[in-house]
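Enquirer: Need coordinates for the following:
(chains A and B)
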Amino acid sequence: DQQVKQNSPSLSVQEGRISILNCDYTNSMFDYFLWYKKYPAEGPTFLISISSIKDKNEDGRFTVFLNKSAKHLSLHIVPSQPGDSAVYFCAASGTNAGKSTFGDGTTLTVKP
Amino acid sequence: DTGVSQNPRHKITKRGQNVTFRCDPISEHNRLYWYRQTLGQGPEFLTYFQNEAQLEKSRLLSDRFSAERPKGSFSTLEIQRTEQGDSAMYLCASINSGDGATYEQYFGPGTRLTVT
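Expert: Prediction:
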């Protein structure tokens, strides 16, 4: 049973527009959620995170929203830039910073 | 560069052979994680250490897999009697789980294993 799901394998947006990447989870014990970005031939790089006690966290062009009742989070990128083109992974962690459980990723393409 | 490093970056081996990978975490990080990633999927947790203690192992980690972190610094992941299904990217990550730490993990570039 996949506990973290990213249902859209790919997303294509125009430069300057908003990119919205979605993630659903099933385990109520998750209390910390993270987004990572991955370029080819590199390991994932941390992008932004949110604790389960919050519903929004913003960092520059990146905002993560958490809806605990729906077990859903989303990453908004505004404005999108061609350099944002990468695979984005949603991840969730329980207490004590143990293992993270990852979704299968969404490939974002930002067209100039 | 003080990031997480992994060696080798690529490994091609024949089925049945043993392979060993090494991970050097960020020096002040006390926790070290191993993940496996196959094409089209996200990283899948294998095991993690706090200092030299192995705190959790995934059920995916068959008895052919073993990991060590003998002095609480670098770690090795060994796969014995490799199978074609072991072909994947093996990722290492580290964090500092001390006071004020966050959950974000710092990943190395990975070791790509191909079993022929």
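Enquirer: which element is the spatially most central residue of chain B on?
Expert: Centroid-nearest residue in chain B: B:Trp34, 3.1 Å away (criterion: C-alpha atoms, centre = their mean). Taking DSSP states H and E as the definition, one finds B:Trp34 inside strand B:31-37.
Enquirer: Quick check: closest non-adjacent residue to A:Lys99.
Expert: With sequence-adjacent residues excluded and distances taken as C-beta to C-beta, 6 or more residues apart in numbering or on different chains, A:Lys99 is closest to B:Phe45, at 4.2 Å. Bear in mind the C-beta positions are built from the backbone N, C-alpha and C, glycine included.
Enquirer: Across the sheet, point out what pairs with that neighbour.
Expert: B:Tyr35 (DSSP bridges).
Enquirer: Please apply the same query to B:His10.
Expert: Applying DSSP bridges, one finds that B:His10 bridges with B:Arg112.
Enquirer: May I have the residues that are in contact with residue 112?
Expert: No chain in the question, so chain A it is. A:Pro112 sits next to A:15, A:82 when contact means C-beta atoms under 8 Å, 6 or more residues apart in numbering or on different chains.
Enquirer: Chain B was what I was after
Expert: Counted by C-beta under 8 Å, 6+ apart, B:Arg112 has contacts B:9-11, B:88-90.
Enquirer: Quick check: the farthest pair among those residues?
Expert: B:Arg9 and B:Ala88 (13.9 Å; C-beta to C-beta).
Enquirer: contact partners of the lowest-mean-pLDDT helix or strand in chain B?
Expert: Every helix and strand of chain B was ranked by mean pLDDT, DSSP states H and E. The lowest is strand B:53-57, at a mean of 92. Applying C-beta under 8 Å, 6+ apart, the external contacts of strand B:53-57 come out as A:98-99, B:46-49, B:67-69.
Enquirer: go with 6 Å
Expert: Strand B:53-57 has contacts (C-beta atoms under 6 Å, 6 or more residues apart in numbering or on different chains) with B:47-48.
Enquirer: relative to strand B:31-37, how tilted is it?
Expert: In terms of direction (axes from the mean of the first three to the mean of the last three C-alpha atoms, to 10 degrees), strand B:53-57 departs from strand B:31-37 by 30 degrees.
Enquirer: Wasn't A:Gly83 part of a helix?
Expert: Yes - when classified by DSSP: H, G, I helix; E, B strand; the rest coil, A:Gly83 is found to be part of a helix.
Enquirer: what about it, distance to chain B?
Expert: 19 Å (C-beta to the nearest C-beta, to the nearest Å).
Enquirer: Next, the residue lying closest to that residue once chain neighbours are set aside: phi, psi?
Expert: Nearest residue to A:Gly83, sequence neighbours excluded (C-beta to C-beta, 6+ apart): A:Val110, at 7.8 Å. With angles defined as degrees, to the nearest 10, A:Val110 sits at phi -110, psi 120.
Enquirer: count of residues packed around the spatially closest residue to B:Phe107 that is not a sequence neighbour?
Expert: Leaving aside its sequence neighbours, B:Phe107 sits nearest to A:Gly43 (C-beta to C-beta, 6+ apart; 3.2 Å). Neighbour count of A:Gly43, defined by other C-beta atoms under 10 Å in any protein chain shown: 23.
Enquirer: Check B:Thr20 too.
Expert: Around B:Thr20 there are 15 residues (other C-beta under 10 Å).
Enquirer: partner strands of the one helix or strand it maps to, parallel or antiparallel?
Expert: According to DSSP H and E, B:Thr20 maps onto strand B:19-24. Using DSSP bridges, strand B:19-24 pairs in its sheet with strand B:5-7 (antiparallel), strand B:75-79 (antiparallel).
Enquirer: Kind regards, and thank you for your time.
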